[in-house]
Each structure stands twice: as C-alpha cells, then as structure tokens.
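# Provide a 3D model corresponding to the input given below.
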Amino acid sequence: MSFFKNLFDSESKNLIECPRCLGKGQVDQDDIKRLGNELRWRPGRCAYCTGTGKVEAEMLDKVAVDEAYLTTTISSIERKKLINGDLDAIKRGEMFAETMDNFIEEITRLYFEEKMEVDKIVQLYIKGAPKSGFKINASQKAEFVDYIKTVIAHKR
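Numbers count the residues shown, from 1 in each chain. Model prediction:
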C-alpha cells in the first residue's frame, strides 16, 4: 500500500535529496563523521529519509539533519512525533543527547583520569546494570568493548 502511495504522491511533494545520507538511503561512516555523530550512530539505513534517499523539502525546517535522536531505533510513531514538533518527543530527544553525552564523558573520565582499563570499565557497567538500567549480555560485550575503544580513540 505505501509503495503505491509513495509512487503517486511523490509528484505532489517537493522531494529533495536527503542531506543526511546524500541520497544513498544508507548512512555510512563518512556521513556520520560529516554530521559529527561518530559516537552516537552506526552505519545503516538512513532514519532521516527512511532509506528512500529523498525527503520533503520542509523536513529540513522540522528536524535538524544531525539530530542524534532521529535513528532507526526509535519507533515510527516517535519519529512522526519528533518531525511534527511534539514537545514530549523533543524533550526525549534532548534527554537522549544528554544521556549519551554523559555516558561518553564518564567513559572518558574513567579511562583518562581514573586510569581504568577498558575491561574494567566494561565490568563496572555490567555489574551496575541492574541498578542503572544499563543492560548488556555476553554477546554484546565485544561490541561494548569496541565502542569504549572508539570513544577513547576519538577523545585522544
């Protein structure tokens, strides 16, 4: 159904090349770096254009291209709320950005100031998971280690 809707509605809308993925439909490492979200995003389907490579021109006025909260991990309902300027969705986006910034700062502090090794930082978060709401299982541990190493390399 949405295929036909997009097919027939596209002529009536002012569609432009997606400024986030540059029309590819996928955000790659170069896009992530260009938009300053190296520590917040991973390569994958573009959440700004939902993988189509095109967005309505007025989208640029509604949501910043580099909005860290607008990812493929939020629901389609939350995405629509954010695009439509819902104050609660905007607040959740601000809280997301603040939480990510605090998390990155904490990793940086633990490594550079407390001189804690990467494995110790991982263990700290795993042990604190039930209290903090931070959830990680054994299969995610390697990915978490890589993320911490990326944060450290980025902050050097």
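# which residue lies nearest the spatial centre of the chain?
Averaging the C-alpha coordinates of the chain gives a centre point, and the residue nearest to it by Cα atoms, centre = their mean is Trp41 (4.0 Å).
# that one belongs to a strand?
No. The assignment for Trp41 (DSSP: H, G, I helix; E, B strand; the rest coil) gives coil, which keeps it out of a strand.
# i'd like the first residue to be 868 from this point on
Taking 868 as the first residue, the last one we looked at is Trp908.
# look up the pLDDT of it for me, please.
Looking at Trp908, its pLDDT reads 95.
# that one and Gln893 touch, don't they?
No. With contact taken as Cβ atoms under 8 Å, Trp908 and Gln893 are classed as non-touching, separated by 11.8 Å. Where C-beta positions appear, they are placed from N, C-alpha and C, glycine not excepted.
# and the protein, what are its domain boundaries?
The record's domain split for the chain, according to automatic domain parsing, is 868-951, 954-1023.
# single out the most deeply packed of these.
Ranked by mean neighbour count under mean count of other Cβ atoms under 10 Å, these are led by domain 868-951, which reaches a mean of 15.
# so the residue nearest to Leu927 when sequence neighbours are not counted versus Ala914, what's the distance?
Spatial nearest neighbour of Leu927, excluding adjacent residues (Cβ to Cβ, 6 or more residues apart in numbering): Pro886 at 6.9 Å. Per Cβ to Cβ, to the nearest Å, Pro886 is found 13 Å from Ala914.
# overlap in contacts of these two?
Shared contacts of Pro886 and Ala914, defined by Cβ atoms under 8 Å, 6 or more residues apart in numbering, are absent.
# what's the following helix or strand after the helix or strand encompassing Lys900?
Secondary structure from DSSP states H and E places Lys900 in helix 896-901. Past helix 896-901, heading to the C-terminal end, the next element that is a helix or strand (DSSP H and E) is strand 911-912.
# contact partners of that following strand?
For strand 911-912, using Cβ under 8 Å, 6+ apart, the contacting residues are 892-894, 918, 939.
# what does stretch 924-940 give?
Applying Cβ under 8 Å, 6+ apart, the contact partners of stretch 924-940 are 881-883, 886-887, 902-904, 907-908, 911-912, 914-915, 946, 949-952, 959-960, 963-964, 967.
# can you tell me which of those are in strands?
882-883, 911-912 (DSSP state E).
# so where do the helices sit in this protein?
In chain order, the chain shows helices spanning 869-876, 896-901, 926-929, 943-950, 954-975, 985-999, 1005-1022, with DSSP state H as the criterion.
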